[in-house]
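# Mind looking at a prediction? Sequence and model below.
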Amino acid sequence: MPGKPLPPNPYSGPEEAAYNTCRHLERLLDWSEVVSDEVRTSKRTPQLCGRLLGYMMLEAPTPEGRLNVAREIQTCTSASDTQDRLAALAQFYEHHFIRVFKSAKGATPTVSTHPSRPSFNMTAEQINQLLEEAPQDHRAAKLLIFHLTGRYDAATAISRYPEDETFIAPAPIAPTELAHIIAESTNANIQEGSTKRSYAASAWAVLDRFGKVNVVDNELNGQGIHRLPNVMTMSVDVHIFFDTLQIWFEEIGTDRYRLCARWDSILTSLGVDLNNPVIQLTTTNASLPLPNSHLLRLHATCAKVAHLSGAGEYIDAIFRDMEELKVLASDGGSAHVLQDALLHSGRQVAVH
């Protein structure tokens, strides 16, 4: 899970000091002897944490988001348990930012306490009071997208043939699914007082402070998570790559994007021309909005942070270990797997 080394410091002022902290953490071979057992057994190395925080700054979609991350990092450095707090901050962003976009097996991550900013907790508490449950039936959204794009999926096209044998679909037919940019699970099962509700409130607070995406102002609350600005229809294979952050959209013009991927082979397998991997989003009905460029930019940021830092591979490895591990090693070598499994299932115990 090495990721990519952080580049030289491009900042000045408070951001310069925060980024230097990230690079210092990245260079450490191991945690100090006084670091907590929780940090040591998690297998999140100083290198991984330093790169995650550093790339959160480098790839921030807004200047305000970058400054917020920098301030949080610097608040950690002013405490006596600096390494513990920096590790906790990296874990917090892994759980409440990357996991908002990255699909992975397992339950909702345990709600982490933000290690540095009291104002962040105030924001999360305010959002908690406003959250609404999202209905899980999004057939209406998919039907609207058919009107927006003029495209048909296989099931819809096949259903038309018994009615009209002369029917010709206006575009290539393929099985499609409704893909959410911000995961629909974010607003699911958020009953009052539940762990899932607290997690959702913290996740939305991160999106607000880091990317200026507000659950209320952007109309993503409750059934709003299924609104057209947050959804797209994708073929099944593209949907999987999108949800696992293997592909993302980089904006190059108005509703015009370059399709990017972790590896060129992914684009090739999807039939994308590597010399011109450009997509122009269009609509056949001007009253129906296209996917929100700001949300797609935040998804792209998440994908790049996950890959450049190595955090995406770390998450994949944890869930792969959970699937493959049948019996915990008697020597404690599997403690990190148990701990992360418990963190993602909403339970915490001390692992010795």
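Sure, I can see it.

# My read is that Leu267 contacts Leu274, right?
Yes. Between Leu267 and Leu274 there is a contact under CB atoms under 8 Å: 6.0 Å. Quick note: C-beta positions are derived from backbone N, CA and C, even for glycine.

# Compare those two (neighbour count), which wins?
Taking neighbours as other CB atoms under 10 Å, Leu267 and Leu274 compare with Leu267 leading, 19 against 11.

# Specify the beta-bridge partners of the residue nearest to that one when sequence neighbours are not counted.
Taking CB to CB, 6 or more residues apart in numbering, and ignoring the residues beside it in sequence, Leu267 has Ala261 as its nearest neighbour in space, at 4.8 Å. Taking DSSP bridges, one obtains Ile247 as the residues bridged to Ala261.

# Number of residues surrounding Ala261?
Applying other CB under 10 Å, I find that Ala261 has 19 neighbouring residues.

# Quick one: residues contacting it.
Counting by CB atoms under 8 Å, 6 or more residues apart in numbering, Ala261 makes contact with 241, 246-248, 267.

# Save those residues as CSV, and put in distance to Cys22 and pLDDT too.
Shown next, in CSV, are the contacts of Ala261 (distance: CB to CB, whole Å; pLDDT from 0 to 100):
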residue, distance to Cys22, pLDDT
Phe241, 29, 95
Gln246, 25, 96
Ile247, 27, 97
Trp248, 23, 98
Leu267, 31, 95
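
# Generate a PyMOL selection restricted to the buried subset of the residues you listed.
A single PyMOL command selects the buried members of the contacts of Ala261 (16 or more other CB atoms under 10 Å):
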select buried, resi 241+246+247+248+267
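
# Show me the two of the contacts of Ala261 that sit farthest apart.
Trp248 and Leu267 (11.5 Å; CB to CB).

# quick one: common contacting residues for these two?
Taking CB under 8 Å, 6+ apart as the contact rule, Trp248 and Leu267 both touch 259, 261.

# Give the rounded mean pLDDT of stretch 294-301.
Confidence over stretch 294-301 (mean pLDDT, whole number) is 96.

# ok, now how distant is the residue nearest to Leu267 from Met56?
Distance of Ala261 to Met56, computed by CB to CB, to the nearest Å: 21 Å.

# for Asn221, same thing?
From Asn221 to Met56 the distance is 25 Å (CB to CB).

# Please identify the buried residues of stretch 46-66?
Buried residues in stretch 46-66, counted by 16+ other CB under 10 Å: 46-62, 65-66.

# would CSV of the contacts of Ala261 with distance to Leu228 be doable?
Putting those into CSV (distance: CB to CB, whole Å) gives the following:
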residue, distance to Leu228
Phe241, 21
Gln246, 24
Ile247, 20
Trp248, 19
Leu267, 26
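
# Could you tell me how many residues sit around Pro8?
For Pro8, using other CB under 10 Å, the count is 6.
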